[in-house]
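K.L.:
sharing a model prediction with you, sequence too.
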Amino acid sequence: MNKILKKSLSVFLIILVSTLLFYVTPLHTYTGNGMYGAIAFGSVGSFAGFPGIMIGGTFGYFLLESEEVNAFWDYVAAFVIGAVAGGIAASGGTCNYYTAPEIANCEICNNKLMPCSEYYCKSIAQNCQYLKDEKKCIEVKSDDRTAPVIQNCVAKDLDTRADYSVESSVQGCKITNEVPAFSTLAVKFGLDEVAQCKLFSTVGKNFSDVGLQLDGGFRDKEHYLLFDIRNVSLQTIEGCRDGNLCTGYLRCKDEAGNAMNADYFVNFKLRDAPDIAKPRIVDTLVESGSAVPASISEVDFFMYVNDKSGIRECRYNKNSDMDISQMPESQKFDCENIEDVTKGGYKCSTKLKGIEADKDNKYYFRCNDNAGNKMDAGYEFIIKGTKPLEITAHTLPTGEILTPIQRLSITTTDKADCSYKLDNQEEKDFGITGATISTEQVTLSVGNHNLNAVCTDEAGNQVTTSSTFNVNTPDLIIKEVSPSNTSVYVNNIPFAAKTTGGVYQNGNSSCVYGTGFRFGKTILSTETLHETNISLTDGMHEVSIICNDGFKQAEKTVKVEVNSKAYPQLVRVYTNGGALIVHTDQPAVCAFSTKVKEFTFGDGIKMTSSTNVQHQLQLGKDGIYYVKCEDTRTRKLSPSYTVII
């Protein structure tokens, strides 16, 4: 790539990155933080050399034209640093190691549209520290020796959303209004720096002592205190009762480890107030409309009731709503004394009876609280009674079967999940299930089997079925092996075996010899041909071939004598009609010479032969004939025979 093209591409990339950076960053980030402009635009310019001078200069000018006159020197810094950073890189387009400045405004990380990250926070300045839990970037001064200060407070009634009047100072927070009983008080404290805060019930505690961590121990510049006046178990200030002045004490510690040496108080006075709110059922352990199996006539029931003063009693009635006083005494039940804040109420439990199958069973609940308030209308809860689940059809193996691959199928009256257990194996789900028809394909071994299937619908209704069967596939037969019970005259012997029958009824199987040497196979219409070469030494051998179709196997053993050194011998010599005739004991090719006894076989005169064991030559005159024969199988030569005529 030539230099002009590289510079053009660099300028384009600078403009693109700069434009994106500008649009995703609020304007005040640049105008209020010149150092950020220096980092952003100067580093962008440094990627492409000389054009960085233009980028830094341009944005420096833009910042100078801003209305934020108070940030003038920051703008100048942005201009200079941006231009210099780009200019330095102009010498050769080199990316230099970046070192964050010592001090900068860490808050710019928190103001971005994109989430603040640890890498971005630390790249802003060396005085920035990333809080992983809060995902914030804060400023930590290396010479910070000052404890955090609580600067102000505000208070609110969470039930009515009304604000309380407060007297706020750096010493404490006094709520001037009386706080009524059966209310929830919330107080927000504002600090001068990010810190953790704890609340104590007694004065003079240290931050390291055990106390209530505000906001779960999170570090922030704002913290909240919730005080549930109506629930003694949730009170965060001990001994806070009606008519008392309730006081708590806060201690905070910043990220540098500086803790407040003096208590910050928060106090308020409780005002006795009646509970006029009616109990309200806010949640149940299971949803209304849940279904139960047809065989179930009663279930355990749990609900949560919200109330200020606590629940005195609850009752239920089936099929119709009525005043709690008219509901049967036998259907009365109690609630716990301590509120479950995670559920927003007191836990109440009973046993619902009289559930009928195949219908919606409606129950109505009402409660009274300890202040005498009662529900005006019943809380309706429905339990769906269901029909028994039935199997209307199934396809399961039974009796004697000859095919080990079987397709299981079960049809039920409703959608159900089905599973099966074969013999003592682990239970398995049907491959296709969750509907009215469930199916699965299984491969069975030869022998007797027991299969049990169970189907369960959404309500929990179950139905089972089973079958007993025997898998007995057709026998696999090795009908032919060659060579078989004979002699061979080579050490590398081609063997062939033919199989029929078996599970596939065409002999399709795998055959091996010895320690697992596998035959190749050719599947035909009614039989399968298996072929391979087996290497044997000279001598008598028993060759066992085992074939297996995955369910049954067949075995056949043949005897083979190997004689790779055999050579032909003359067993008969005579003349007839002017011809010399010799017979050999093995198939052979014979040649003769009338000159040299130990002649070279290839130089001899070939004798004619019609059967490979009878050889002849035409006699010209009486004399001596030297005869040699070569075995057609082993290529071994006989000794030279002398025939005198």
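P.N.:
Received it, and whenever you're ready, just let me know what you need. Numbers count the residues shown, from 1 in each chain.
K.L.:
which stretches of the stretch 151-300 of the chain form strands?
P.N.:
For the stretch 151-300 of the chain, applying DSSP state E, counting those that start in this stretch gives strands covering 163-164, 166-168, 172-175, 179-180, 184-200, 212-213, 220-228, 245-254, 264-271, 280-284, 290-292, 299-306.
K.L.:
direction included, what does the fourth one pair against?
P.N.:
I take that to be strand 179-180. strand 264-271 (parallel) (DSSP bridges).
K.L.:
re earlier: which of the strands of the stretch 151-300 of the chain sits closest to Asp585?
P.N.:
Asp585 lies closest, by Cβ to Cβ, to one member of the strands of the stretch 151-300 of the chain: strand 290-292, at 92.7 Å. Any C-beta I mention is one placed from the backbone N, CA and C, and that applies to glycine too.
K.L.:
give me the residues contacting that closest one.
P.N.:
299, 355, 383-386, 458-460 (Cβ atoms under 8 Å, 6 or more residues apart in numbering).
K.L.:
do the same with stretch 353-364
P.N.:
292, 294-299, 316-322, 352, 378-388.
K.L.:
from Gly216, how far out is Lys343?
P.N.:
According to Cβ to Cβ, to the nearest Å, Lys343 and Gly216 sit 19 Å apart.
K.L.:
please say which of those two ends up with more neighbours.
P.N.:
Set Lys343 next to Gly216 and count neighbours by other Cβ atoms under 10 Å: Lys343 wins out with 17 against 7.
K.L.:
quick one, phi/psi of that one?
P.N.:
Lys343 adopts backbone torsions of phi -100, psi -10, taken as degrees, to the nearest 10.
K.L.:
check contacts around it.
P.N.:
So Lys343 contacts 282-283, 304 (Cβ under 8 Å, 6+ apart).
K.L.:
mind checking pLDDT for it?
P.N.:
pLDDT for Lys343: 88.
K.L.:
stretch 188-202: how far from the chain's middle?
P.N.:
42 Å (Cα atoms, centre = their mean, to the nearest Å).
K.L.:
what is the mean pLDDT for stretch 426-440?
P.N.:
96.
K.L.:
so how far is it from its chain's centroid?
P.N.:
23 Å.
K.L.:
quick one: end-to-end distance for it.
P.N.:
15 Å (Cα to Cα, to the nearest Å).
K.L.:
now do the buried residues in it.
P.N.:
430, 433, 437-440 (16 or more other Cβ atoms under 10 Å).
K.L.:
filter the residues you listed down to the ones in helices?
P.N.:
In helices, judged by DSSP state H, none of those are found.
K.L.:
and the furthest pair within these?
P.N.:
Those two in the buried residues of stretch 426-440 that are separated most widely, counting by Cβ to Cβ, are Ile437 and Glu440, at 11.2 Å.
K.L.:
now the strands of the stretch 151-300 of the chain in CSV, with mean pLDDT?
P.N.:
What follows is the strands of the stretch 151-300 of the chain, written out as CSV (pLDDT from 0 to 100):
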stretch, mean pLDDT
strand 163-164, 95
strand 166-168, 95
strand 172-175, 95
strand 179-180, 86
strand 184-200, 92
strand 212-213, 88
strand 220-228, 87
strand 245-254, 91
strand 264-271, 90
strand 280-284, 95
strand 290-292, 95
strand 299-306, 96
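K.L.:
output the below-cut-off pLDDT ranges for the protein.
P.N.:
Scanning the chain for pLDDT under 70 picks out 1-97, 102, 112, 142, 229-236, 238-239, 241-243.
K.L.:
show me it divided up by domain.
P.N.:
3-139, 150-271, 280-385, 391-471, 476-562, 570-644 (automatic domain parsing).
K.L.:
figure out how far the second one is from the centre of its chain.
P.N.:
Per Cα atoms, centre = their mean, the displacement of domain 150-271 from the mean C-alpha position of its chain is 45 Å.
K.L.:
count the neighbours of Lys253 for me.
P.N.:
For Lys253, using other Cβ under 10 Å, the count is 19.
K.L.:
quick check: bridge partners of it?
P.N.:
With DSSP bridges as the rule, Lys253 is bridged to Gln196, Ala259.
K.L.:
residue contacts, it?
P.N.:
By Cβ under 8 Å, 6+ apart, the contact set of Lys253 is 147-148, 195-196, 207, 259-260.
K.L.:
just Gln196 next, same as before
P.N.:
Applying Cβ under 8 Å, 6+ apart, the residues contacting Gln196 are 213-214, 217-219, 252-253.
K.L.:
mark which of the contacts of strand 290-292 are buried, thanks.
P.N.:
Using 16+ other Cβ under 10 Å, the buried members of these are 355, 383-386, 459.
K.L.:
I'd guessed Asp159 sits against Ala186; true?
P.N.:
No. Look at Asp159 against Ala186 with Cβ atoms under 8 Å: they stay out of range, at 10.0 Å.
K.L.:
now for the closest residue to Leu536 other than its chain neighbours: which residues touch it?
P.N.:
Sequence neighbours aside, Val562 is the residue nearest to Leu536 in space, at 5.0 Å (criterion: Cβ to Cβ, 6 or more residues apart in numbering). By Cβ under 8 Å, 6+ apart, Val562 lies in contact with 487-491, 493, 536-541.
K.L.:
what are the phi and psi values at Val562?
P.N.:
Torsion angles, degrees, to the nearest 10, at Val562: phi -110, psi 120.
K.L.:
so what sits opposite it in the bridge?
P.N.:
In beta-bridge terms (that is, DSSP bridges), Val562 pairs with Val488, Gly539.
K.L.:
what about the helices in this structure?
P.N.:
Using DSSP H, helices in the chain cover 3-24, 27-31, 34-45, 51-64, 72-89, 118-124.
K.L.:
name the residues of the last one that are buried.
P.N.:
Taking 16+ other Cβ under 10 Å as the neighbour-count basis, helix 118-124 is seen to contain the buried residues 120-124.
K.L.:
out of those residues, which comes closest to Glu480?
P.N.:
Tyr120 (80.9 Å).
K.L.:
what about that closest one, distance to Asp263?
P.N.:
Going from Tyr120 to Asp263 by Cβ to Cβ gives 38 Å.
K.L.:
returning to what we had before: who wins for most neighbours among the contacts of Lys343?
P.N.:
Tyr304 (21 neighbours).
K.L.:
so it sits right up against Arg280, yeah?
P.N.:
No. In this structure, Tyr304 is not within contact of Arg280 by Cβ under 8 Å, at 9.8 Å.
K.L.:
spit out the residues that contact those two alike.
P.N.:
The contact lists of Tyr304 and Arg280 share Gly345, where a contact means Cβ under 8 Å, 6+ apart.
K.L.:
for Tyr420, state which of the buried residues of helix 118-124 is nearest.
P.N.:
Tyr120 (57.2 Å).
K.L.:
any idea how far that closest one lies from Ile324?
P.N.:
As defined by Cβ to Cβ, Tyr120 lies at a distance of 61 Å from Ile324.
K.L.:
please apply the same query to Gln618.
P.N.:
Distance, Gln618 to Ile324, using Cβ to Cβ: 136 Å.
K.L.:
more neighbours: the two, which one.
P.N.:
Ile324 (19 against 10).
K.L.:
so the more buried one makes contact with Gly372?
P.N.:
No. Contact criterion Cβ under 8 Å: Ile324 and Gly372 do not qualify, at 11.9 Å.
K.L.:
contacting residues around Gln326?
P.N.:
Asn317.
K.L.:
let's see 7 Å
P.N.:
If you count contacts by Cβ atoms under 7 Å, 6 or more residues apart in numbering, Gln326 has none.
K.L.:
what about it, distance to Ser320?
P.N.:
10 Å.
K.L.:
just Val154 next, same as before
P.N.:
For Val154, the distance to Ser320 - Cβ to Cβ - is 50 Å.
K.L.:
which one's more surrounded, those two?
P.N.:
Using other Cβ under 10 Å as the criterion, Val154 and Ser320 rank with Val154 on top: 15 against 10.
K.L.:
look up the closest residue to that one, ignoring the ones flanking it.
P.N.:
Lys188 (5.1 Å).
K.L.:
give me every residue that touches the one you found.
P.N.:
Residues near Lys188 by Cβ under 7 Å, 6+ apart: 153-154, 222, 224.
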